[in-house]
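Novice: only geometry, no sequence info:
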């Protein structure tokens, strides 16, 4: 006779962990990482503070779990070359507006200026999720610059639309945002760095270019 183990403790453990994370996200969103305390989070979750330490080890461990976010960015290398900017902005809007709970992103955005721990989490997301996506398109040596520019655009939009809630930005339709922002992201993704000495865009000077330059000089000589 096979004895089926009691699964109730496991389910209870999952429920407790979920309750702690929900309370932590709400507290971090309201107070930031520094001000939020384990004791306050435990009280919100209606458990003993020792249970928080048991599940997550420390406040840093709890924060890392609470703000764990997966962007699931599209594979830019397999997309139509002229549509990568639109693809990114559509994914951005889906993350912020289609997911039932974007509290994690709000926590990161609201707290990033005041809390170094949150800023570090942002840098991790950039290094682990944004940069690999950009590396699949264009020159890998230039991915840092292009990825950084994309983040400046999208974080600025997120700040104004979802945190500051500036009326003109909040009032934009999704399609209007796509029309306005996608070309900028497209330009960032496909641009090339300028040469430090000349300030010109980096280009490759070939033998054919040299021949053309000589031909032009000959044609311009006085007769």
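Specialist: Ah, there it is. Predicted model, so just to flag it, every value in this text is computed and none were measured.
Novice: the longest helix in this protein is where?
Specialist: Longest helix in the chain, counting residues (DSSP state H): helix 8-35.
Novice: just give me how far the next helix-or-strand element following it sits from the chain centre.
Specialist: Scanning forward in sequence from helix 8-35 by DSSP states H and E, the next helix or strand is helix 38-45. In terms of Cα atoms, centre = their mean, to the nearest Å, the centre of helix 38-45 is found 29 Å from the chain centre.
Novice: show me the helices in this protein, by range?
Specialist: Counting by DSSP H, the helices of the chain are 8-35, 38-45, 49-56, 59-66, 84-93, 103-111, 116-125, 131-135, 143-158, 167-170, 174-190, 207-219.
Novice: and stretch 107-121, how far apart are its ends?
Specialist: The separation between the terminal residues of stretch 107-121, taken as Cα to Cα, to the nearest Å, is 11 Å.
Novice: show me what counts as buried in that stretch.
Specialist: Buried residues in stretch 107-121, counted by 16 or more other Cβ atoms under 10 Å: 107-112, 115, 117-118, 121. Placement of C-beta: from N, CA and C, glycine included.
Novice: what's the answer for stretch 143-158, then?
Specialist: 143, 146-147, 149-151, 153-154, 157-158.
Novice: before we move on, back to that, flag every buried residue along the longest helix of the chain.
Specialist: Buried, per 16+ other Cβ under 10 Å, within helix 8-35: 16-17, 19-29, 32-33.
Novice: between helix 49-56 and it, find me the angle.
Specialist: Using axes from the mean of the first three to the mean of the last three Cα atoms, to 10 degrees, the inter-axis angle of helix 8-35 relative to helix 49-56 is 100 degrees.
Novice: average pLDDT for helix 8-35?
Specialist: For helix 8-35, mean pLDDT rounds to 84.
Novice: name the helices or strands packed onto it?
Specialist: Contacts defined by 3 or more Cβ pairs under 8 Å, 6 or more residues apart in numbering; DSSP states H and E place helix 8-35 against helix 38-45, helix 49-56, helix 59-66, helix 103-111, helix 116-125.
Novice: check whether residue 183 really touches residue 85, as I assumed.
Specialist: Yes - Residue 183 is in contact with residue 85 according to Cβ atoms under 8 Å; the separation is 6.2 Å.
Novice: mind checking which of those two has more residues around it?
Specialist: When residue 183 and residue 85 are compared on other Cβ atoms under 10 Å, the one with more neighbours turns out to be residue 85, at 23 against 13.
Novice: quick one, what contacts the more buried one?
Specialist: Applying Cβ atoms under 8 Å, 6 or more residues apart in numbering, we find residue 85 in contact with 181-189.
Novice: state the phi and psi torsions of the closest residue to residue 121 other than its chain neighbours.
Specialist: Nearest residue to residue 121, sequence neighbours excluded (Cβ to Cβ, 6 or more residues apart in numbering): residue 67, at 5.6 Å. Main-chain torsions, residue 67, degrees, to the nearest 10: phi -110, psi 20.
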